[in-house]
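> okay, predicted coordinates and the sequence, questions at the end:
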Amino acid sequence: MIAPESLQPAIVVGRYGENQLGEGWHERETDGRYGIPYRASSHDATLVLRREQNANTLHILMSGSLGLAPAGLEGAVRIGERLFPMKLSADAWVLRKIPLVDLGETLEIRFLMPNPIIPDYVIHNGDARALGWFLTAIWQE
C-alpha cells in the first residue's frame with residue numbers, strides 16, 4: 001500500500017495516480033471511439049485517494065461496455081461505509097458526482113458491480129474478463 005503522505009487527491013488514467021489503484025483493475029486500454037485511456041474494473045475494484053482539504057464533491061468520469069449490456073449497467077461506489085448506487089444507460093463517458101461528507105483524510109473507494117459483463121458470453125471473442133466500470137479520471141473539488 002502507498003504511504004498516506006505520498007497519495008494524490010486524484011487519478012487520471014495514463015497521466016498520474018494509477019499506482020493508487022488497488023485490486024480488481026484490468027490493464028490500461030484506450031477507448032477506440034474517443035481515444036480516452038481508461039482502466040476497467042472487475043466486479044469489485046479498489047482505489048485510494050488523499051482527501052483534498054475543503055473538497056466537498058468527488059467527481060468520477062466513467063463509462064462501461066454498454067454495447068454488450070443494452071439494458072444498462074448497475075452497481076455502486078462505496079466510500080467507507082457509505083454506498084452510492086450507480087447506473088449507466090447511455091454508451092458514453094459520463095460525469096458522476098458524489099458528496100464528500102464525514103469522511104477521513106484518506107478516501108478508500110470501491111467500485112462494485114454485482115453482474116459484470118464477460119465479453120465472451122455475449123460476442124464469443126475469447127475475452128473472459130469480468131468487466132465492470134471504466135474509469136478514466138477521479139478527482140475532488
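Yes, it's here. Here the structure is a predicted model, which is why all the values come from computation and not from measurement.
> what about the strands in this protein?
Residue ranges of the strands in the chain, as given by DSSP state E, are 11-12, 25-30, 37-41, 44-50, 57-63, 73-79, 82-88, 94-99, 106-112, 134-140.
> can you redo the ones you listed as CSV with mean pLDDT and mean neighbour count?
To be clear about C-beta, it is placed using only N, CA and C from the backbone, and glycine gets the same treatment. CSV is the format used below for the strands of the chain (pLDDT from 0 to 100; neighbours: other CB atoms under 10 Å):
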stretch, mean pLDDT, mean neighbour count
strand 11-12, 97, 20
strand 25-30, 97, 14
strand 37-41, 97, 22
strand 44-50, 96, 20
strand 57-63, 96, 20
strand 73-79, 95, 19
strand 82-88, 94, 15
strand 94-99, 95, 13
strand 106-112, 95, 20
strand 134-140, 97, 22
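> got TSV for those strands, with distance to residue 124 too?
Below are these laid out as TSV (distance: least, CB to CB, whole Å):
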stretch	distance to residue 124
strand 11-12	33
strand 25-30	20
strand 37-41	19
strand 44-50	25
strand 57-63	23
strand 73-79	20
strand 82-88	24
strand 94-99	28
strand 106-112	27
strand 134-140	21
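> residue contacts, the residue nearest to residue 69 when sequence neighbours are not counted?
In this structure, residue 69 finds its nearest non-sequential neighbour in residue 117, 5.4 Å apart by CB to CB, 6 or more residues apart in numbering. Taking CB atoms under 8 Å, 6 or more residues apart in numbering as the criterion, residue 117 is in contact with 64-65, 68-69, 73, 130-132.
> kindly report the same for residue 42.
Contacts of residue 42 by CB under 8 Å, 6+ apart are 24-26, 116, 129-132.
> roughly how far apart are it and residue 52?
27 Å (CB to CB, to the nearest Å).
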